[in-house]
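Engineer: Provided below are the primary sequence and the corresponding predicted coordinates.
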Amino acid sequence: MALPFLPGNNFSKNLGKEKFHKSHHFDYVNRDVAKMMEDKAGIGGVPLPGQDLTPKNSVFPRGEGANQPAWVAFDKQVLSFNGYFQESVVERREEQYRVRPCLIYFYLEDDSIQSSAPDGTPNDPYADHRKALDESMQPLRPYERFDTLKQFLDHDRHVLRFYCFWMTQTACLGIPENWYSTTSWLMTPLRYEKSYLPILDEMRPGIPP
């Protein structure tokens, strides 16, 4: 027996519902307002009167648990593929191409692809350095004054101190003697005249001649 249609005897249709969103029906296409597909449901996903929605179910059974977004479900999951490609060779007439292996990584997180191929002929660091110098060189300006006094004033009262020793064992008249710290002339600093210091392997400590 049906209840009479009186106040208090009818129930709201929204009881138990949690979704009250409205579907997107209109969009801009070529700067014009256009209506989207007709399979859009009403408020809360409820079909409109006279609307027959096709269920969008997969042919594969769903797993247990709540559905997670792809960036969470496939986090740190990568597919690796081994491949190769042909590299054309124009420097030699004996070969037309070279087969080079490569690795292809497919990230399930965001459907991105990364290709990693080994480097070919290594670059010459000296040639790269010379190329960078040639590109940075500027033409000389004969009328521009080169201030040599500035360097002298900037480094005024600046002194470099070096601790070294004199090894004469490899010389022709060298005498291998052990000098003690009590010798007076060892404690006296020696000043060199302004000249370029020689760089020889036999004068470096720890390096045999």
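Structural biologist: Arrived safely. Numbering: from 1, shown residues only.
Engineer: looks to me like A127 is in a helix.
Structural biologist: Yes: counting by DSSP: H, G, I helix; E, B strand; the rest coil, one finds A127 located in a helix.
Engineer: that one: how many residues sit nearby?
Structural biologist: Applying other C-beta atoms under 10 Å, we find 9 residues neighbouring A127. No exception for glycine: its C-beta is placed from N, CA and C like everyone else's.
Engineer: list the contacts for it?
Structural biologist: For A127, no contacting residues are found, by C-beta atoms under 8 Å, 6 or more residues apart in numbering.
Engineer: now do the SS call for L133.
Structural biologist: Recorded secondary structure, L133: helix (three-state DSSP).
Engineer: I'd like to know how many residues surround it.
Structural biologist: If we define neighbours as other C-beta under 10 Å, then L133 has 9 of them.
Engineer: from Y126, how far off is it?
Structural biologist: To Y126, L133 is 11 Å away according to C-beta to C-beta, to the nearest Å.
Engineer: equivalent analysis for I104, please.
Structural biologist: Distance from I104 to Y126, by C-beta to C-beta: 34 Å.
Engineer: which one of those two is surrounded by more residues?
Structural biologist: Remark: of I104 and Y126, I104 carries more neighbours, 14 against 8, as counted by other C-beta under 10 Å.
Engineer: wait, is that one part of a strand?
Structural biologist: Yes: assessed with three-state DSSP, I104 lies in a strand.
Engineer: which residues touch it?
Structural biologist: Counted by C-beta under 8 Å, 6+ apart, I104 has contacts 80-83, 113-116.
Engineer: need phi/psi at G45.
Structural biologist: The phi/psi pair for G45 (degrees, to the nearest 10) reads phi 80, psi 10.
Engineer: in the sheet, who's paired with S115?
Structural biologist: Note on S115: beta-bridge partners by DSSP bridges are I104.
Engineer: tally of neighbours for it?
Structural biologist: Residues contacting S115 under the criterion other C-beta under 10 Å number 11.
Engineer: pretty sure it contacts R100?
Structural biologist: No: with contact defined as C-beta atoms under 8 Å, S115 does not reach R100; the gap is 11.4 Å.
Engineer: let's see stretch 24-40 as CSV, backbone CA atoms only.
Structural biologist: Below are the C-alpha coordinates for stretch 24-40, written out as CSV (Å, rounded to 0.1, in the frame of the first residue of the first chain):
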residue,chain,number,x,y,z
HIS,A,24,30.5,19.8,-18.5
HIS,A,25,28.3,20.4,-21.5
PHE,A,26,29.8,23.4,-23.3
ASP,A,27,33.2,24.3,-24.5
TYR,A,28,35.1,26.6,-26.9
VAL,A,29,35.9,25.2,-30.3
ASN,A,30,37.6,27.6,-32.7
ARG,A,31,36.6,30.5,-30.4
ASP,A,32,32.9,29.5,-30.7
VAL,A,33,30.7,28.0,-28.0
ALA,A,34,29.9,24.3,-28.9
LYS,A,35,28.0,21.7,-27.1
MET,A,36,29.8,18.6,-26.0
MET,A,37,28.8,15.0,-26.6
GLU,A,38,25.3,13.9,-25.8
ASP,A,39,26.4,11.2,-23.4
LYS,A,40,26.9,13.7,-20.5
